[in-house]
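Engineer: Sharing a model that was predicted from the sequence below.
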Amino acid sequence: MHRKRIAAMASTAAIAALGWSSLVECAWGQSNCKQVKGDLFVIAQSGTSTGTITNGGDFNGTITMVDTVSAGFATPDPFVVSYTQDLIISTHEGQLTATSVWLFDFSKLPSFGFGSGLARIGPTSAKTGNAVSTGRFAGATGFYFINGFGTPNGAGGFIVQAQITGQICYTGNGGN
């Protein structure tokens, strides 16, 4: 009798665990978070830079990158600087805002340099009027990375080609 009770309890536990895992999977399937990726092309210059994002799904559109510092910050490597920017991506679905921190390696100039940035989705700094995301992106959270290279454009700036990867979490039905 004892064995039957243990077997019944084990079967009940297994069925409950299976049911719970199905519910969890359904909840995950309904998440408003999505992976993002895209290609970035920017004419980078001191102050404000503009460009386009393609192959980015929700991110397809134009990007404005506003320096929030007047010059890059020195690092122990004389060829590498860090700096911060506000980012505003404008799409047909609304405006997505973020703040970012960057590292740029100038060691391979004059031919090219490497850059890597981390952007936190949310309101921008006072430098761009504390801009907030709008439309489908209103209230969104998340992050994205931008990694690529720049080549001098001969006019004091760089032509930047990079890839964007990350995650955006929409509020409400924004993820649909």
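Structural biologist: Thanks, I have the structure now. Remember, predicted model here, so these are calculated numbers, not experimental data.

Engineer: And the helices in the chain?
Structural biologist: For the chain, the helices defined by DSSP state H cover 2-29.

Engineer: domain assignment for it?
Structural biologist: Following automatic domain parsing, the chain resolves into domains at 1-30, 32-169.

Engineer: which stretch in these is the model least sure about?
Structural biologist: Sorting these by mean pLDDT places domain 1-30 lowest, at a mean of 43.

Engineer: burial of Val81, as a residue count?
Structural biologist: 16 (other Cβ atoms under 10 Å). No exception for glycine: its C-beta is placed from N, CA and C like everyone else's.

Engineer: right, and it touches Phe73 too?
Structural biologist: Yes - with contact defined as Cβ atoms under 8 Å, Val81 reaches Phe73; the gap is 6.3 Å.

Engineer: Any idea which residue is closest to the centre of this protein?
Structural biologist: Closest residue to the average C-alpha location of the chain: Tyr144 at 1.7 Å, with Cα atoms, centre = their mean.

Engineer: From Thr99, how far off is the residue lying closest to Gly61 once chain neighbours are set aside?
Structural biologist: What sits nearest to Gly61 in space, not counting adjacent residues and going by Cβ to Cβ, 6 or more residues apart in numbering, is Thr91, at 3.6 Å. Applying Cβ to Cβ, to the nearest Å, the value for Thr91 to Thr99 is 19 Å.
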